[in-house]
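Undergrad: sequence? don't have it. structure:
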């Protein structure tokens with residue numbers, strides 16, 4: 001990416017300014033229901049589906065765009081899109097805590113009240129930090145005082161179009177990965193580990209709840225299982241929590257709480273089953289549909305040392321396996337999940353589970369590394385479009401999924417720091433363009449802002465532009 005020349009510095013960010021010129025086109029692009037996505041894809045010419053689409057046919061080609069915070073061309077975006085960077089690793093937050101590294105999963109929550117009550121129109125972002133090891137907490141409350149992972153919370157003002165506040169919200173955890181939001185306004189942060197503190201013996205591998213407006217609860221939700229958690233997605237109709245596991249032979253779990261929205265009261269942990277015997281989904285191609293699904297109970301979600309793990313318990317009852325389940329998100333009445341290493345080419349599958357019908361369908365399986373290289377986090381816009389965070393080889397992209405079942409690059413990581421960034425001593429010079437994207441999440445009501453992270457060197461972006469011109 002060193003040979004790419006930066007563009008002119010764009011005009012000051014303004015969602016009303018950026019979107020005003022496209023307001024007349026807002027209704028021109030009708031978004032087909034995602035239920036038709038797989039059918040259209042299946043009917044499409046196989047050569048067309050396998051060909052790399054260099055850019056969205058609606059949004060157009062990517063080009064370097066300067067960051068409004070630093071002036072650096074950190075991202076490649078389609079014409080008309082602009083962005084702000086914030087919360088770099090080491091940046092002091094409003095509580096004087098240094099921003100932890102390794103930004104990962106994230107979700108946006110509307111602040112209650114808003115303009116109707118004379119308050120600013122704002123969103124809060126709760127952000128995971130995938131920090132491993134036991135070098136010590138960065139804030140209180142902390143589950144394990146020795147553990148260095150956790151969450152931070154940021155506030156973005158939609159009126160002024162700027163980040164206005166940030167604070168540390170939970171620590172003492174290990175490898176907080178994708179996580180996920182709840183319909184009742186909290187964030188579920190997931191530990192992707194089953195480590196044990198070598199000094200204190202404190203066990204890790206749990207889910208913790210963090211309210212969007214305050215500090216997190218350091219008590220682990222043990223009934224939701226102890227395993228290599230990645231992401232969660234909550235069905236708002238039932239309050240059931242769907243959990244993914246990042247492991248070579250992973251399970252898809254469902255937690256049915258005793259009382260909707262009160263996860264600390266406990267509940268039942270289950271693992272998905274397909275057919276009559278243990279089924280391996282890792283080779284399933286695009287268009288594969290499983291209608292014979294059921295759920296088996298995990299009898300001991302928090303097993304003691306040496307006892308079978310939840311996945312082993314589920315497999316013993318015929319539970320299905322997946323190849324590295326990572327991202328999960330609720331949208332369009334469906335649970336979307338990502339198998340990072342699944343598919344005939346082991347380059348990633350995007351699946352949907354219909355909680356009403358009990359069907360599991362493979363929407364997309366990557367045909368080649370040049371099309372999609374190991375997707376990870378996933379998000380869904382208020383308009384129904386899907387955003388995939390890439391975590392593979394080469395320059396890393398945010399990908400969109402079109403209503404024709406085609407993948408296209410929406411944004412490219414162009415983070416190259418030749419001489420350091422003024423005022424950011426924690427950021428070392430280097431080429432970070434091959435580092436993964438994470439935490440894609442839209443502002444939940446109008447969807448005029450997409451927030452996303454690049455995990456290393458650790459940056460959060462707020463991206464805006466003419467979304468309604470295309471499929472996102």
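TA: Ah, there it is. From a predicted model like this one, the values you see are computed outputs, not experimental measurements.
Undergrad: for the stretch 251-400 of the chain, which spans come out with low pLDDT?
TA: In the prediction, the stretch 251-400 of the chain carries no residues with pLDDT under 70.
Undergrad: That one: strands as residue ranges?
TA: Per DSSP state E, counting those that start in this stretch, the stretch 251-400 of the chain carries strands over the ranges 252-257, 267-274, 289-290, 293-297, 325-331, 334-339, 349-354, 359-365, 375-380, 386-390, 397-401.
Undergrad: Hmm, residue 271 is touching residue 255, no?
TA: No - shown here, residue 271 and residue 255 do not form a contact pair, counting by Cβ atoms under 8 Å, at 10.6 Å. The way it works is simple: take the backbone N, C-alpha and C, and place the C-beta from them, glycine included.
Undergrad: which helices and strands sit right next to the longest strand seen in the chain?
TA: Ranked by residue count under DSSP state E, the longest strand found in the chain is strand 162-173. On a contact count with 3 or more Cβ pairs under 8 Å, 6 or more residues apart in numbering; DSSP states H and E, strand 162-173 meets strand 82-86, strand 149-157, strand 207-211.
Undergrad: and those, which is most packed in?
TA: Comparing the helices and strands packed on strand 162-173 by mean neighbour count (mean count of other Cβ atoms under 10 Å), strand 149-157 comes out on top with a mean of 25.
Undergrad: Could you say which one of the helices and strands packed on strand 162-173 comes nearest to residue 301?
TA: Distances from residue 301 to each of the helices and strands packed on strand 162-173 were compared using Cβ to Cβ; the shortest belongs to strand 207-211, at 10.6 Å.
Undergrad: which other residues reach the closest one?
TA: Counting by Cβ atoms under 8 Å, 6 or more residues apart in numbering, the neighbours of strand 207-211 from elsewhere in the structure are 126, 143, 151, 153, 169-170, 173, 182, 185-191, 216-221, 224-225, 229, 232, 243, 263-264.
Undergrad: Buried ones only from those residues, please, as a PyMOL command.
TA: In PyMOL syntax, the buried subset of the contacts of strand 207-211 is picked out as below (16 or more other Cβ atoms under 10 Å):
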select buried, resi 126+143+151+153+169+170+173+182+186+187+188+189+190+191+216+217+218+220+221+224+225+229+232+243+263
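Undergrad: Sort out for me which of the contacts of strand 207-211 are in strands.
TA: The subset of the contacts of strand 207-211 that ends up in strands is 126, 151, 153, 169-170, 173, 186-190, 229, 232, 243, with DSSP E as the criterion.
Undergrad: Now for those: which two are most distant?
TA: Distance extremes for these: the farthest pair is 153 and 243 at 22.3 Å, using Cβ to Cβ.
Undergrad: For the ones in strands among the contacts of strand 207-211, give me JSON lines that also has distance to residue 61 and pLDDT.
TA: Formatted as JSON lines, the entries for the ones in strands among the contacts of strand 207-211 read as follows, by distance: Cβ to Cβ, whole Å; pLDDT from 0 to 100:
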{"residue": "126", "distance to residue 61": "34", "pLDDT": "98"}
{"residue": "151", "distance to residue 61": "36", "pLDDT": "98"}
{"residue": "153", "distance to residue 61": "36", "pLDDT": "98"}
{"residue": "169", "distance to residue 61": "39", "pLDDT": "98"}
{"residue": "170", "distance to residue 61": "41", "pLDDT": "98"}
{"residue": "173", "distance to residue 61": "41", "pLDDT": "98"}
{"residue": "186", "distance to residue 61": "39", "pLDDT": "98"}
{"residue": "187", "distance to residue 61": "35", "pLDDT": "98"}
{"residue": "188", "distance to residue 61": "37", "pLDDT": "98"}
{"residue": "189", "distance to residue 61": "37", "pLDDT": "98"}
{"residue": "190", "distance to residue 61": "36", "pLDDT": "98"}
{"residue": "229", "distance to residue 61": "38", "pLDDT": "98"}
{"residue": "232", "distance to residue 61": "35", "pLDDT": "98"}
{"residue": "243", "distance to residue 61": "38", "pLDDT": "98"}
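Undergrad: Return the distance of stretch 242-250 from the chain's centre.
TA: Here stretch 242-250 shows a centroid-to-chain-centroid distance of 15 Å under the convention Cα atoms, centre = their mean, to the nearest Å.
Undergrad: Which positions in that stretch come out as buried?
TA: Within stretch 242-250, the residues that count as buried by 16+ other Cβ under 10 Å are 242, 243, 244, 245, 246, 247, 249, 250.
Undergrad: Can you give the contact residues for it?
TA: Defining contact as Cβ under 8 Å, 6+ apart, one finds that stretch 242-250 is touched by 177-178, 190, 192, 207, 224-225, 227-235, 251-255, 280, 311, 315, 321-328, 335, 337-338, 340-341, 353.
Undergrad: ChimeraX command to pick out the buried ones of the residues you listed?
TA: Buried residues within the contacts of stretch 242-250, as defined by 16+ other Cβ under 10 Å, are selected in ChimeraX through the command that follows:
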select :177,178,190,192,207,224,225,227,228,229,230,231,232,233,234,235,251,252,253,254,255,311,315,321,322,323,324,325,326,327,328,335,337,338,340,341,353
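Undergrad: and the nearest residue to residue 158 once chain neighbours are set aside, how far is that from residue 436?
TA: Setting aside the residues directly before and after it, residue 158 is nearest to residue 121 in space (Cβ to Cβ, 6 or more residues apart in numbering), at 4.3 Å. Counting by Cβ to Cβ, to the nearest Å, the gap between residue 121 and residue 436 amounts to 31 Å.
Undergrad: Then residue 65?
TA: Relative to residue 436, residue 65 is positioned 20 Å away (Cβ to Cβ).
Undergrad: the more surrounded of those two?
TA: Between residue 65 and residue 436, residue 65 has the larger neighbour count (other Cβ atoms under 10 Å), namely 26 against 18.
Undergrad: can you tell me the average pLDDT over stretch 421-429?
TA: When pLDDT is averaged along stretch 421-429, the result is 92.
Undergrad: Give the buried residues for that stretch.
TA: Along stretch 421-429, these residues count as buried under the neighbour rule (16+ other Cβ under 10 Å): 421, 424, 427.
Undergrad: Check those residues against residue 394 and report the nearest one.
TA: Comparing the buried residues of stretch 421-429 against residue 394 with Cβ to Cβ picks out residue 427 as the nearest, at 22.2 Å.
Undergrad: State the distance from that closest one to residue 90.
TA: Separation of residue 427 from residue 90 (Cβ to Cβ) stands at 7 Å.
Undergrad: Repeat that for residue 335.
TA: 36 Å.
Undergrad: pLDDT below threshold where in the stretch 1-150 of the chain?
TA: Under the criterion pLDDT under 70, the flagged ranges of the stretch 1-150 of the chain are 1-53, 113-119.
Undergrad: quick one, helices of it?
TA: Using DSSP state H, counting those that start in this stretch, the helices of the stretch 1-150 of the chain run over 15-20, 37-43, 46-50.
Undergrad: cool, and the stretch 301-450 of the chain?
TA: Counting by DSSP H, counting those that start in this stretch, the helices of the stretch 301-450 of the chain are 310-316.
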